[in-house]
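Novice: A predicted structure for the sequence below; I have some questions about it.
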Amino acid sequence: MNHLALVEAMKDPGFYPHPVAELEFIQTHISCVFLTGKVVYKLKKPADFGFLDFSTVELRRENCHRELELNRRLAPDVYLRVEPVIMSGGRPRLGGRGSALDWVVVMRQLDQELLGLKVLDRGELTSDKIAAVVDRLVPFYRAARTGPGVDEQGSLDTVKFNTDENFEQTAGFVGTALAHERYEAIKSYTNGFFRERADLFRQRVDDGWVRESHGDLHLGNIFFEDPPVIFDCIEFNPRLGCGDVAVDLAFLVMDLDFRGRGDLAGLVVARYVDQSGDTGFLELVDFYSCYRAYVRGKIACLTSGDPAIGAQGQREQVKLAARYFELSHHYATEGGHGRRTQ
């Protein structure tokens, strides 16, 4: 059974071993997610983007288990287990013995009205809520794994590899989602920062600020329970899941800027520095925010090539990419001072 056929089977409420009154289907560029009321099932797409490889059943199995392990750090009661999908009686079903068609991560379903983006849209994203996220993250970073196998991911060479990869993978979109002059300006700023601040990258490693972090820290991955639940970290590539804590937190800063809440982005910066004592973060936040905005633009570009989202969806992704690239250019040329507000 191929991936698309399995997705169609999982869209049927009768597929699941428990009653499903209403099923919601969500897909990203790398996953298909099925919300069944009390339980969520996450199926990885058989994709290979270079920085991510889910192309075989075995790779998807390994990454499901890795996802479970890493996400239990910040959401221990949400990530429940990993289950195989097997063929039984000529039909796919969850669990049991037999050769696995694929694998899914099983999670407790949270109240979707508490998702960060919905809270923001209702005008309920307060400074207290954002402060609670930062207060959750500071001890998480302090306890996160560091040292050999992690420190390398914060080195100048690795960070430059990541940015070079971004520029290479988006070159085909220059002239559509990204104007040539902006592309060159962002590249120039990025590579100039490497030349001028090579000492800063070395110092951050030496001072222990490179950690096995979250890697995908934005409002779409935060539920504002009490305390907030931060989920869906990066499991598929250590050079993207590990790094300077600044590149992790800059994602949330950028996301708030992107959504017109520069006031809350500034609060993230100020509260993190106050709670952690990490004043070096201030020297890196604009650089890594530029990087994060560019990555989101790249992901939208890659998603625009997915036939499953349809022609209209593909056009919308190109427009979304253009907005992220505009923000990346803003950081590169103006920095984060005077953050955008609604």
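Specialist: Nice, I can see it. Numbers count the residues shown, from 1 in each chain.

Novice: so where is the stretch 51-200 of the chain shaky, pLDDT-wise?
Specialist: Residues of the stretch 51-200 of the chain meeting the criterion pLDDT under 70: none.

Novice: how about the strands in it?
Specialist: Using DSSP state E, counting those that start in this stretch, the strands of the stretch 51-200 of the chain run over 79-88, 91-94, 100-108.

Novice: Which of the ones you listed has the highest mean neighbour count?
Specialist: Ranked by mean neighbour count, these are led by strand 100-108 with a mean of 20 (mean count of other CB atoms under 10 Å). For every residue, glycine as well, the C-beta is placed using N, CA and C.

Novice: Run me through the strand neighbours of it, direction for each.
Specialist: Strand 100-108 sits in its sheet next to strand 39-44 (antiparallel), strand 79-88 (antiparallel), going by DSSP bridges.

Novice: I'd like to know which of those is closest to Asp232.
Specialist: Between Asp232 and these, the tightest spacing by CB to CB is seen for strand 39-44, at 8.7 Å.

Novice: for this protein, longest helix please?
Specialist: Secondary structure of the chain per DSSP state H: the longest helix is helix 310-334.

Novice: what about that one, distance to the chain center?
Specialist: For helix 310-334, the separation from the chain centroid amounts to 16 Å (computed by CA atoms, centre = their mean, to the nearest Å).

Novice: Quick one: residues in contact with that helix.
Specialist: With contacts defined as CB atoms under 8 Å, 6 or more residues apart in numbering, helix 310-334 is touched by 173, 176-178, 182-183, 185-186, 188-190, 254, 257-258, 286-287, 289-291, 293-294, 296-298, 300-301, 303-306, 309, 340.

Novice: Report the buried residues of that helix.
Specialist: Buried positions in helix 310-334, judged by neighbour count with 16 or more other CB atoms under 10 Å: 317-318, 320-322, 324-325, 327-332.

Novice: middle-most residue in this structure, spatially?
Specialist: Closest residue to the average C-alpha location of the chain: Asp216 at 2.6 Å, with CA atoms, centre = their mean.

Novice: Now name the helix or strand holding the nearest residue to it once chain neighbours are set aside.
Specialist: Using CB to CB, 6 or more residues apart in numbering and skipping residues adjacent in sequence, the residue nearest Asp216 is Ile234, 5.2 Å away. If you go by DSSP states H and E, Ile234 is not part of any helix or strand.

Novice: Great, nothing more from me.
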